[in-house]
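**Q** I would like the atomic coordinates for the input below:
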Amino acid sequence: MEKSLVGKHVDQSLCEDGIFISNDFIAVIDGVTSKGELRWNGHKSGVYAKDLIMNLLKNIPSDISNVALFNSINELFKNEFVKRNITDSINEYLRASLIIYSGHYKEIWSYGDCQCMINAQYYPHTKKVDEYIANIRALFIDSYIESNLKVEKNYINTLSREAINVFIQRQLYLENKNSEFSYGVLNGQPINRNYLNVYAVVNGAEVILASDGYPRLFSTLIESEQYLKGILVEDPLCYKQYKSTKGVEEGQLSFDDRAYIKFITE
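**A** From the prediction side, this is the model:
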């Protein structure tokens with residue numbers, strides 16, 4: 001088994017990704033970057049969502065079904081919304097993606113944009129809406145550069161993020177729906193089974209689970225890290241070699257938190 005968990009901030013307590021390992025489950029959790037202003041026990045919503053899921057996984061039965069698991073997480077989130085009276089404040093919702101291996105069922109379950117590799121077969125789970133917005137962001141950055149906007153790269157990153165903010169906010173209304181740009185995310189609302197991915201795995205399968213902090217998965221952690229580091233050096237604004245909805249901000253280690261675990265099924 002090899003694993004790595006690295007937050008994008010120097011302060012690793014701000015990391016919104018998590019890795020869970022027990023006798024029954026192996027999981028990667030990706031708390032979604034906050035779209036609101038609320039603090040949850042002193043943390044942003046992504047960290048709090050990740051911590052809630054980590055704690056819930058410690059107490060679930062080994063034979064829980066995938067739908068029951070994801071529903072349990074959504075119910076947990078919904079209860080938190082009720083406590084804080086934010087049931088109608090969509091920007092403040094807790095959000096997370098989860099990819100998890102069940103030893104009982106010998107299956108991998110994914111809901112959201114975490115990714116996996118099974119015996120070298122890659123399953124990225126990218127969102128069409130993210131690709132669309134990332135291209136719009138790249139357009140803005142290109143225009144800033146071609147117009148000779150004489151500002152620091154970090155300010156271009158800020159300007160481009162502000163330019164796509166209206167799209168970032170509107171996409172929240174597409175979560176778990178059925179339109180062209182809709183996608184699945186755990187957010188306290190009912191799951192859409194169209195976005196539930198299930199992969200059967202046999203004993204002895206080589207499995208990699210990871211968050212979307214890795215632009216591409218390879219068969220080893222070293223290769224996955226090297227590919228990422230090449231992008232961070234060559235394209236820190238993340239708009240050419242790897243188009244993203246956000247780049248590397250000043251003082252950050254990467255454009256996103258990242259979690260990776262590789263194991264052989266038994």
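**Q** now the helices: where do they sit in the stretch 1-150 of the chain?
**A** Assigned by DSSP state H, counting those that start in this stretch, the helices in the stretch 1-150 of the chain fall at 45-57, 66-84, 128-146.
**Q** model confidence over the last one, on average?
**A** Summarised as a single mean, pLDDT over helix 128-146 is 96.
**Q** tell me the mean pLDDT over the helix or strand that it is followed by?
**A** Following helix 128-146 in sequence order, the next helix or strand is helix 153-163 (DSSP states H and E). On average, the pLDDT along helix 153-163 is 90.
**Q** Just the buried residues of the next helix or strand after helix 153-163, please?
**A** Downstream of helix 153-163, the first helix or strand assigned by DSSP H and E is helix 165-170. Judged by neighbour count (16 or more other C-beta atoms under 10 Å), helix 165-170 contains these buried residues: 167-168. (C-beta placed from N, C-alpha, C; glycine too.)
**Q** Over to stretch 190-203?
**A** Here stretch 190-203 shows 191-192, 195, 197, 199, 201 as buried, counting by 16+ other C-beta under 10 Å.
**Q** And for stretch 55-63?
**A** residue 57.
**Q** what's the answer for stretch 122-140, then?
**A** By neighbour count on 16+ other C-beta under 10 Å, the buried set for stretch 122-140 is 123-125, 127, 129-130, 132-134, 137-138, 140.
**Q** The closest residue to residue 64 other than its chain neighbours and residue 16: what is the separation?
**A** Spatial nearest neighbour of residue 64, excluding adjacent residues (C-beta to C-beta, 6 or more residues apart in numbering): residue 72 at 7.6 Å. To residue 16, residue 72 is 20 Å away according to C-beta to C-beta, to the nearest Å.
**Q** Please identify which of the helices of the stretch 1-150 of the chain is closest to residue 91.
**A** Evaluated over these, closeness to residue 91 peaks at helix 45-57, with 9.6 Å, by C-beta to C-beta.
**Q** related to what we said a few turns ago, nearest to residue 97 among the buried residues of stretch 190-203?
**A** Looking across those and measuring by C-beta to C-beta, the closest to residue 97 is residue 195, at 10.2 Å.
**Q** Surely that closest one touches residue 183?
**A** Yes. Taking contacts as C-beta atoms under 8 Å, residue 195 lies within contact range of residue 183: 6.5 Å.
**Q** Return every residue with contacts to both of the two.
**A** Common neighbours of residue 195 and residue 183 are listed as 112, 176 (criterion: C-beta atoms under 8 Å, 6 or more residues apart in numbering).
**Q** thinking again about what came up before, residue 72 and residue 16: which has the busier surroundings?
**A** residue 16 (29 against 16; other C-beta atoms under 10 Å).
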